[in-house]
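Student: build me a model:
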Amino acid sequence: MTQIRAYGQAIIKTHLKIHKVIDGDGLIVVDMFGKEEEEIRLLGIDAPEIKRCRKLLQDERETHLPGQLLMELGSKSKKFLSELVPVGSHVTLQMERVNGYDVYGRTLAYAFLQEGTCINEVMIKEGYAKPYNRYGCLALADYQQLNIRARAEGKGLYQMVANF
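Tutor: Now for the predicted structure:
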């Protein structure tokens, strides 16, 4: 597994614990000192949606897959992430200076386990998320290569579909 990398100028946030896994690319963390919650969107990755929303409709159009199937894939992605980082797990966040927040105010970040494993990378490497370029990401080229390999090997969600 990849250890923490310096993708350009970064902001590092430590002493965080997983409070909730929202979906396959979203978490809520809590600061262990101030107990403040923060919603995190894993930078550079995209997992299928778990409920009906505008993004699901867009994904249906782009993938030509039915929304119900995409939501099933989204549930599998969320389950994998929940097992990778159970509630209470300690994480460190690395934010890129340029792309710190999305239009919904969520923090965009690479999340790392205590031993340095990048959660974003694992989600793509194991086939439970794909690269996402709506918000620029210095790891995008690496994520695209990992995604090609995961798809070719039929990992994760690629066991069920050719794309998502």
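
Student: which strand runs longest in the chain?
Tutor: Secondary structure of the chain read by DSSP state E shows that its longest strand is strand 10-23.

Student: which helices and strands does it pack with?
Tutor: Contact here means 3 or more CB pairs under 8 Å, 6 or more residues apart in numbering; DSSP states H and E; on that basis strand 10-23 packs against strand 26-31, strand 37-42, helix 67-84, strand 90-96. From N, CA and C alone the C-beta is placed, and that goes for glycine too.

Student: indicate which one of those is closest to residue 117.
Tutor: Distances from residue 117 to each of the helices and strands packed on strand 10-23 were compared using CB to CB; the minimum, 8.8 Å, belongs to helix 67-84.

Student: quick check: buried residues in the one helix or strand residue 148 maps to?
Tutor: Secondary structure from DSSP states H and E places residue 148 in helix 140-152. Within helix 140-152, the residues that qualify as buried by neighbour count (16 or more other CB atoms under 10 Å) are 140, 142-143, 146-147, 150-151.

Student: returning to what we had before: what's the closest of the helices and strands packed on strand 10-23 to residue 48?
Tutor: When the helices and strands packed on strand 10-23 are ranked by proximity to residue 48 (CB to CB), helix 67-84 comes first, at 3.7 Å.
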